[in-house]
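K.L.:
Sequence first, then the predicted structure, then my questions.
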Amino acid sequence: MMDAVAIDGSSGSDKPRRGRRVRMTGAERRQQLLDIGRTLFAERGFEGTSVEEIAAKAGVSKPVVYEHFGGKEGLYAVVVDREMRQLLDMVTGALTAGHPRELLEQAAFALLDYIETFTDGFRILVRDSPVAQSTGTFASLISDIATQVEDILGMEFKNRGFDPKLAPLYAQALVGMVALTGQWWLDARKPKKAEVAAHLVNLAWHGLDGMEQKPRLIGHRKS
């Protein structure tokens, strides 16, 4: 009669037996590969990361990576898409009701919070994407966030007698300023987050507050 095997993989005898390796579900394996890819893409970029290395760190063969994502490009595209949605959700969620200056503060904090919490994700987003897609570049990310700000600026422009059609231009300028400052702060991390947000809003708010309805050029070039 055969000895019964215990849950931990040992038999009734004194000799210990190695327990069986627990297999991941398809969803668990996919998430593992995404986590590993995210870390490697942040450290080395798309070109510096190989399918072989991703597979080795996951303890699987290369075909497993191809099975889940079709290759490195597919894995990268999913990582970028997730980070884009994470950041956009944070910015959109932060833009709650309040004074326009407070909304600027909320937007600045949302981006800086993302950089602080999802550092690897931001490093990936600020790199140029090698994948031919419309949502894989830092420029398109800025455009998506600026769209969230346009309506706020449009209403404020209308209330102050400015042309609301110019709101998209100013939204791009404001969001670009915050995003590029955040890119610098990613490595500098000085001054503290709240101080960076305060200085960004100081420049943006007082710049908007002193705007001319019909700005003019003072240099010799007029076109």
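P.N.:
Cool, got the structure.

K.L.:
now the closest residue to residue 39 other than its chain neighbours: how far from residue 80?
P.N.:
Once flanking residues are discounted, residue 39 sits nearest to residue 120: 6.1 Å by C-beta to C-beta, 6 or more residues apart in numbering. Every C-beta, even on glycine, is put in place using the N, C-alpha and C of the backbone. To residue 80, residue 120 is 12 Å away according to C-beta to C-beta, to the nearest Å.

K.L.:
which other residues reach stretch 194-209?
P.N.:
Contacts to stretch 194-209, defined as C-beta atoms under 8 Å, 6 or more residues apart in numbering, come from residues 101, 104-105, 108-109, 112, 156, 170, 174, 177-178, 181, 185, 191.

K.L.:
Over to stretch 39-48?
P.N.:
Outside stretch 39-48, the residues that reach it (C-beta under 8 Å, 6+ apart) are 49, 53-54, 57, 72, 76, 79, 119-121, 123-124, 127, 129-131.

K.L.:
Go through it and flag the buried ones.
P.N.:
Neighbour-count burial for stretch 39-48, counted by 16 or more other C-beta atoms under 10 Å, picks out 39-42, 46.

K.L.:
Next SSE downstream of the helix or strand in which the residue nearest to residue 39 is found?
P.N.:
Here residue 120, judged by DSSP states H and E, is contained in helix 119-125. Using DSSP H and E, the helix or strand that follows helix 119-125 in sequence is helix 138-160.

K.L.:
For that following helix, enumerate the helices and strands it packs against.
P.N.:
Judged by 3 or more C-beta pairs under 8 Å, 6 or more residues apart in numbering; DSSP states H and E, helix 138-160 is in contact with helix 72-94, helix 100-117, helix 167-188.

K.L.:
contacts for the helix or strand bottoming out on mean pLDDT in the chain?
P.N.:
When the helices and strands of the chain are scored by mean pLDDT, DSSP states H and E, helix 138-160 comes last with a mean of 81. Identification of contacts with helix 138-160 by C-beta under 8 Å, 6+ apart yields 84, 87-88, 91-92, 95, 100, 103, 107, 111, 125-128, 134-135, 163-164, 166-168, 170-172, 174-176, 179, 208.
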